[in-house]
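Asker: quick check, what structure comes out for this input:
(one chain, ligands or ions: 1)
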Amino acid sequence: MKILKNSNAWKKNHDLTGKTYGLLKVLEFKGFKKLYDKGGKRRSHFLCKCKCGKEKIIPGIQLHNGQVKSCGTCLIHPKYKIDENYFKKINREDKAYFFGLLLTDGTIDGRKKSKRIVINLDKKDSHILETFNKYLKTQKPVSYTKRKARKYKYYNYPAREYCTLNISNVKMHKDIIKLGLKPNKTKTVKFPSNKIIPHRLMRHFIRGVFDGDGSVFLKKYSYGIGKSLAFVSGSFLFMKSFQRYLKKYKIANTSVALIKRKSKFTGNISSYSTLTINPGEKKYGNKGTKDKKIAALNYKNFFNLIYKNCSKDLYLIRKYNKFKEVINI
Ligand SMILES: [Zn+2]
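Answerer: So this is what the prediction gives:
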């Protein structure tokens, strides 16, 4: 069947002039041609104008089925500018801090085609991802997700609101792997050497680790108030080196434990490691004045180590406040 450009029937059904698809406004019909060089049906093509001002001829069928929604750079492959050399070298406080946070709370894609670096945090802590964005010099927004409570297999997942920073960048992906965060390596991740993080910046890295995997809290026991300052990691190796490094800062009363747990549902054994500063303190909280003094000093040393003269925007406010509460009791 021959289709005439001016056929009213065709126009009524197929002319897309004046319509909008995503960021594209259809300006005019340009004619029929095959979609691909070799074979295939002849298709109508339209001149479109993208919101960014660029004009492009696009097959009507691709507009109609939603395959094309912009000039090709605005929407399909949104290219957000980013300082892709950010993790090439850890030579600044912010880089050391964010690398610590990434190493503990981030994940890196191991699939061939995907070069994603993802970090997920509770919505309460979103300020730190917004700050990370600022340092990365990217316009890519932090995304916010609300998840309803759900049941999966034997587990109940509570409702959660979280924020995500999702970076897709080949160069940065490569650099981060070089620094020591490898895909699916939570069990073997190593504590970075001073070649990776110079000693003068290590305390900022440790603050990132604390914000990612550390916890500090008070708990009421029968004998009084107990304090706890601890880290949890999948990697025993990481914890052992971390413990050694803390000695350089005169934080010596620590213990590392490998904990194995059998799931009461599946029978599977999972393991994780902990590093506790002032072990036993939780248990013996108010007993023994001498121990208490040593313990207090240890907490204070660690607090000063990570927060003293650090940038005001480079820590989780929630944890900082909690820590202050704990050392002041
Ligand atoms: Zn465009």
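Asker: so what does Lys250 have for phi and psi?
Answerer: phi 60, psi 30 (degrees, to the nearest 10).
Asker: distance check, the closest residue to it other than its chain neighbours against the ion.
Answerer: Here the nearest residue to Lys250 in space, its sequence neighbours aside, is Asn301; by C-beta to C-beta, 6 or more residues apart in numbering that works out to 6.2 Å. Just so you know, the C-beta spots here come from the backbone N, C-alpha and C atoms, and that holds for glycine as well. Using C-beta to the ion, to the nearest Å, we find Asn301 at a distance of 55 Å from the ion.
Asker: tell me the pLDDT of Asn301.
Answerer: In this model, Asn301 is scored at 91, pLDDT.
Asker: and for Ala149?
Answerer: If you check Ala149, the pLDDT there is 83.
Asker: wait, what's in contact with it?
Answerer: For Ala149, the contacting residues are 156-159, taking C-beta atoms under 8 Å, 6 or more residues apart in numbering as the criterion.
Asker: wait, a strand at the residue nearest to Lys250?
Answerer: No - the assignment for Asn301 is helix, going by DSSP: H, G, I helix; E, B strand; the rest coil, so no strand is present there.
Asker: burial of it, as a residue count?
Answerer: Here the count is done by other C-beta atoms under 10 Å, and Asn301 has 16 residues near it.
Asker: wait, it sits on Lys248?
Answerer: No - Asn301 is not in contact with Lys248 according to C-beta atoms under 8 Å; the separation is 11.6 Å.
Asker: element containing the residue of the stretch 201-329 of the chain found nearest the ion?
Answerer: When you check the stretch 201-329 of the chain against the ion by C-beta to the ion, the closest residue turns out to be Asp313, at 33.6 Å. For Asp313, there is no helix or strand it lies in under DSSP states H and E.
Asker: which stretch of helix or strand covers the closest residue to it other than its chain neighbours?
Answerer: For Asp313, the nearest residue in space outside its immediate sequence neighbours is Thr131; the separation is 5.0 Å by C-beta to C-beta, 6+ apart. In this structure, Thr131 sits in helix 126-136 according to DSSP H and E.
Asker: quick revisit: redo the contacts of Ala149 as TSV? Include neighbour count and distance to the ion.
Answerer: Below are the contacts of Ala149 laid out as TSV (neighbours: other C-beta atoms under 10 Å; distance: C-beta to the ion, whole Å):
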residue	neighbour count	distance to the ion
Asn156	8	45
Tyr157	11	39
Pro158	8	41
Ala159	9	38
